[in-house]
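Participant: quick one, structure for this:
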Amino acid sequence: MSKKDKRAKKAQRQPMTISPMALAQFLPADAPPPIIYEVKPPQLPPGVQNEASMAMDSAASNLYDYANIAYSGMGFAGYPRLAMLAQYSEYRAPVETIAAEMTREWIKITSRGDDDLSEKIGEIEQALKDFRVQSVLSQMVEHDGFFGRGQVFIDMGTDDDGGKQPLVINKATIKKGSLRGFKNIEPMWTVPLHYDSVDPTSRDFYRPTSWVIMAKETHASRLMTLISRPLPDMLKPAYNFSGMSLVQLLEPYVQRWMQGSDSIPQLMKSFSLSGIKTEMSQVLSGGGGDNLLARAKMFNLARDNRGLMLLDKEMEEFFQFNTPLSGLDKLWAMLQEHMAAVCHIPLVKLTGVTPTGLNASSEGEIKVFYDYIKAQQDRQLNEPIDKILKIIQLHLFGEIDPAIGFEFNPLEQMNDTELAAIQKSKADGAAIYLANGVIDAMEERKRLAADPLSGYASIDVDDVPEMEMETDGEEGEPEGTGAGQPERSDRDQVPA
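Facilitator: Residues are numbered from 1 along each chain as shown. Presented below is the predicted three-dimensional model:
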């Protein structure tokens, strides 16, 4: 067919018409739905609420209407949705990493004053292990990350009526041996019962004073509640008085990561686009397109290297475009960095991916991450641990010793080489002070005994070993004490 005939045929074509039937055959698979959550009362499992809590929840309906004035689909995702997302490693890894780091090195029980409290401290440390306090607090941080709130029930062995009363931490209300343990409770099983929604100056304004646990009323003082990401008062009822969960914060970024993880392999698989210029008048003039779709399937079945491509020499023409793949690794890494930025975790901690390039190091990022975790420990765990230590003291001794406290152990631990260098520096400094008479040997022994890393922490400070001195000349005359040699005083003696 000559070019003149092709132009004439093209001029005779009818306007383009594509039938819905033909269009439906080329539609792609369903895309993931957009993230839209309505601001509404939280959906709780059956039996959680009692009549009083349901009435209190219905009183917040006007607040839901007010929040939806500027509705943008940013409400509570709901416990079923959050529980489902918790099954994905992209959501679990950040939550578990933060919970593990906040409790990894745990705490050190300290004491103030000159009294020897080592026996008491030993009993407290054993009680912390017996009641699994470290594991309980780690799970509380996990629940906060997954659902927006972590709660621990303090089991004092009270009955239902006793649980409604406040838990006052003093020796008059907590007797020796009365503590049964600590129990983690997921927020889907609890709902607030009483809170002030009238007076913003009240200390209980949108702060529950009692909770309902599976229809059983429990005073708030018997629950240690952790909400690390508090929400505005307007949204608290819709979130079941929880905070914003890390999982819901991560969701849009993880969705982009998953879409990119699917798209990039597909792009690598089809980076070379092949096509044929063929006759499409049937489908473009309103036809069903069955023959055209069958032609495309036939082309795909024979497009690999072992197949045979067949073309109509008059009506079809083959073409191919190749897509460059450079930069895909940077795009993939950028999606990972966006996920890591939300949870403040370096990529080397979150994914195990080490930095690349000459002299690349992640030490700075790890230092910043440990600073962040230390701040979270002080902000989130100080109050619960202080409360637990007081309850354990009343349980063990019947009283609270104000001299007993705690501090978090440092997250960054030194290796043996670094510890040896520090001890050598301390020993060199002590030798200079001894030689110049700034301190005496007894003071240095006290420093060694007080330093748990010195290697001499168990020595008896008062049991000073006698120094053996070599003799030179007459029997019994120590070397170096002859004529012209000054006698050495006790101050100049350095313990072996």
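Participant: can you list the domain ranges for this structure.
Facilitator: Domain assignment for the chain, taken from automatic domain parsing, gives 32-270+331-413, 417-492.
Participant: out of the ones you listed, which one sits most buried?
Facilitator: domain 32-270+331-413 (a mean of 16; mean count of other C-beta atoms under 10 Å). No exception for glycine: its C-beta is placed from N, CA and C like everyone else's.
Participant: what mean pLDDT does that one have?
Facilitator: In this model, domain 32-270+331-413 has a mean pLDDT of 88.
Participant: just use 596 as the starting number from now, easier for me
Facilitator: I'll keep to 596 as the first residue from here, and by that count the last item is domain 627-865+926-1008.
Participant: quick one: the strands in the stretch 796-945 of the chain?
Facilitator: 805-808, 811-814, 818-821, 867-872, 912-917 (DSSP state E, counting those that start in this stretch).
Participant: the first one pairs with which strands, parallel or anti?
Facilitator: Sheet pairing here is set by DSSP bridges, and for strand 805-808 it gives strand 785-789 (antiparallel), strand 811-814 (antiparallel).
Participant: let's have the ones you listed in CSV, adding distance to I987.
Facilitator: Below are these laid out as CSV (distance: least, C-beta to C-beta, whole Å):
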stretch, distance to I987
strand 785-789, 24
strand 811-814, 20
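Participant: distance check, the nearest residue to V849 once chain neighbours are set aside against L841.
Facilitator: In space, and not counting its chain neighbours, V849 is closest to E685: 4.6 Å by C-beta to C-beta, 6 or more residues apart in numbering. Using C-beta to C-beta, to the nearest Å, E685 is found at 12 Å from L841.
Participant: circling back to that earlier point, which one of the strands of the stretch 796-945 of the chain lies closest to T753?
Facilitator: Proximity to T753 (C-beta to C-beta) singles out strand 811-814 among the strands of the stretch 796-945 of the chain, at 9.7 Å.
Participant: list the contacts of the closest one.
Facilitator: For strand 811-814, the external contacting residues (C-beta atoms under 8 Å, 6 or more residues apart in numbering) are 645, 647, 748, 755, 758-762, 788, 804-807.
Participant: of those, closest to V963?
Facilitator: Of these, the one sitting nearest to V963 (C-beta to C-beta) turns out to be F748, at 35.2 Å.
Participant: isn't the closest one right next to L818, touching?
Facilitator: Yes: using C-beta atoms under 8 Å, F748 is in contact with L818, at 5.8 Å.
Participant: find residues that contact each of those two.
Facilitator: In contact with both F748 and L818: I780, using C-beta under 8 Å, 6+ apart.
Participant: give me the distance between the residue nearest to F800 when sequence neighbours are not counted and L658.
Facilitator: Nearest residue to F800, sequence neighbours excluded (C-beta to C-beta, 6+ apart): D791, at 4.8 Å. Here the criterion is C-beta to C-beta. By it, D791 lies 14 Å from L658.
Participant: same question, L1048
Facilitator: On the measure of C-beta to C-beta, L1048 and L658 end up 56 Å apart.
Participant: for T873, same thing?
Facilitator: 61 Å.
Participant: what do you get for F671?
Facilitator: Distance from F671 to L658, by C-beta to C-beta: 13 Å.
Participant: which residues does the residue nearest to the spatial centre of the chain contact?
Facilitator: Nearest residue to the geometric centre of the chain (C-alpha atoms, centre = their mean): I693, 2.8 Å. The neighbourhood of I693, defined by C-beta under 8 Å, 6+ apart, consists of 736, 740, 841, 938, 940, 968, 971.
Participant: which of those residues fall within helices?
Facilitator: Of the positions in these, 736, 740, 841, 938, 968, 971 sit in helices, assigned by DSSP state H.
Participant: who's the closest spatial neighbour of the fifth one, skipping the chain neighbours?
Facilitator: Counting by C-beta to C-beta, 6+ apart, the nearest residue to I968 once its immediate chain neighbours are dropped is E696, at 4.9 Å.
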